[in-house]
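J.: Provide a 3D model corresponding to the input given below.
(one chain, ligands or ions: 1)
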Amino acid sequence: MRCRPHVTLHKKYANGVFGANSPCGSFAPVGVTLYQLIKRIRFEQVTIHVAGIHIVPPVLLAPMAGITDLPFRKLVARFGAGLVVSEMIASQEMVQARRGTREKAELDGGAGLSAVQLAGRDPYWIAEAARMAEAMGARLIDINMGCPAKKVVGGLSGSALMREPDHALRLIEAVVGAVSVPVTLKTRLGWDANSLNAAVLAHRAQQAGVRMVTVHGRTRCQFYKGRADWSAIAPVVRMLDVPVVANGDVVTPRDARTALAQSGAAGVMIGRGAQGRPWQPALVAAALYGTPAPVVPRGAALADLVMAHHAGMLEFYGRDLGQRVARKHLGWYMDHAATPPALRREVLTAPDPATVHRLLPLALAERERFAA
Ligand SMILES: Cc1cc2nc3c(=O)[nH]c(=O)nc-3n(C[C@H](O)[C@H](O)[C@H](O)COP(=O)(O)O)c2cc1C
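T.: Residues are numbered from 1 along each chain as shown. Sure thing, here's the model as predicted:
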């Protein structure tokens, strides 16, 4: 069989069947070179390069406050996301060691390639927090300019910074100057439909040293309403040399394909689609890029996974806080497993971890309406 790398191989690769067993692999001696070329193409196709850091596959877990803690990031990373991002951390609170703040930035070897996301308004505090996160092992520092929450915007950070690009730039410069790891930015399209300034802001951020930009395809004023507009991310992609990641409403491989096609982005970031489905980024990556497909747990295997996740949260937060934090994750797992409402309530109001673990196998048993 003849190989025509630029056409045929790419197509095979996109179908996820292109690997070491490809007929091209038997092409010796030319085949060796070809095989290396193919491997190179494959690596480039499944990688976002960020200043010497390789994000493979280009499917990322979004930062989500109260959700992407260390136990969840570890789980998602283990399934195979290219990068996991901590929940947003208030810079000043982190530096001043306010209770429960530094824990949000916690990393360990099991969390794969990890970014810590910082929020703030004061260049001094955000730079100090960035230094601290780098010292704790963050491989990238992400700056939050997308959070729409009133509490955050009221303090003039998060997406409020999109209305003050000069000040936003001062923050970016402070962080870039403070750390040696790459600094990335997460924004929305703009404050509202009349101020879609993501491309201009991102371009200035790139000039200031930002190495990757994620854009949630909504404005701040949309909060989470309507649908993310992936094509509105395209101008940002066109304007920048650094990689741009598309975010918003990406759940399935089909969503991801459409988001990439409409935006031209280098990768996708998945948030809510991973709630109760920590394998979803890996599942999307496998469909798009032919990376190893996760085994999606069902029935007893799912109950085992959820019990381990639950136990991890109790260990991380301590028993009482862990029980409370775990509830939303348990709820999402049970939503996808179509747990009957009465049993769901019983799990969520269980007085102790032992009861939760006793109920989970039944609550997560395979049912007809199992949504993977
Ligand atoms: C509960 C929740 C918490 C979030 N927390 C953060 C955050 O801390 N930092 C941030 O940049 N975005 C945060 N986001 C926004 C997500 O990162 C993401 O941009 C948004 O949910 C759209 O992606 P999705 O449709 O894949 O969820 C949060 C979203 C949700 C739903």
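
J.: residues of the stretch 1-150 of the chain that sit close to the ligand?
T.: 62-65, 67, 87-88, 117, 144, 146-147 (C-beta under 6 Å from any ligand atom). Heads up, the C-betas are built off the backbone N, CA and C, glycines and all.

J.: where does the nearest residue to Ser114 once chain neighbours are set aside land in three-state SS?
T.: Closest residue to Ser114 apart from its sequence neighbours, by C-beta to C-beta, 6 or more residues apart in numbering: Leu107 at 5.0 Å. Three-state call for Leu107 (DSSP: H, G, I helix; E, B strand; the rest coil): coil.

J.: what strand or helix carries the nearest residue to Gly299 once chain neighbours are set aside?
T.: Nearest non-adjacent residue to Gly299, counting by C-beta to C-beta, 6+ apart: Glu366, 4.3 Å away. Taking DSSP states H and E as the definition, Glu366 sits outside all helices and strands.

J.: return the distance of Glu366 relative to the ligand.
T.: 26 Å (C-beta to the nearest ligand atom, to the nearest Å).

J.: any idea how far Lys328 is from the residue nearest to Ser114?
T.: Remark: distance between Leu107 and Lys328 (C-beta to C-beta, to the nearest Å) = 22 Å.

J.: which ones are touching Gly154?
T.: Listed by C-beta atoms under 8 Å, 6 or more residues apart in numbering, Gly154 has no contact partners.

J.: which residues in the stretch 151-300 of the chain form helices?
T.: 165-178, 198-207, 234-239, 253-263, 280-289, 299-317 (DSSP state H, counting those that start in this stretch).

J.: check contacts around the residue in the stretch 151-300 of the chain positioned nearest to the ligand.
T.: Nearest residue of the stretch 151-300 of the chain to the ligand (C-beta to the nearest ligand atom) works out as Gly271 at 2.7 Å. Gly271 makes contact with 61-64, 247, according to C-beta under 8 Å, 6+ apart.

J.: ok, of those, which one's closest to Ala282?
T.: Of all these, Leu61 has the smallest distance to Ala282: 10.0 Å, by C-beta to C-beta.

J.: what's the helix or strand for the residue nearest to that closest one when sequence neighbours are not counted?
T.: Nearest residue to Leu61 in three dimensions, chain neighbours excluded: Val84, at 4.3 Å (C-beta to C-beta, 6+ apart). Using DSSP H and E, Val84 maps to strand 83-85.

J.: mind listing what's buried in that strand?
T.: 83-85 (16 or more other C-beta atoms under 10 Å).

J.: and for stretch 172-182?
T.: 172-176, 178-179, 181-182.

J.: now these in a markdown table, with distance to Arg227 and pLDDT?
T.: Putting those into a markdown table (distance: C-beta to C-beta, whole Å; pLDDT from 0 to 100) gives the following:
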| residue | distance to Arg227 | pLDDT |
| --- | --- | --- |
| Ile172 | 29 | 98 |
| Glu173 | 34 | 98 |
| Ala174 | 35 | 98 |
| Val175 | 32 | 98 |
| Val176 | 33 | 98 |
| Ala178 | 37 | 98 |
| Val179 | 35 | 98 |
| Val181 | 34 | 97 |
| Pro182 | 31 | 98 |
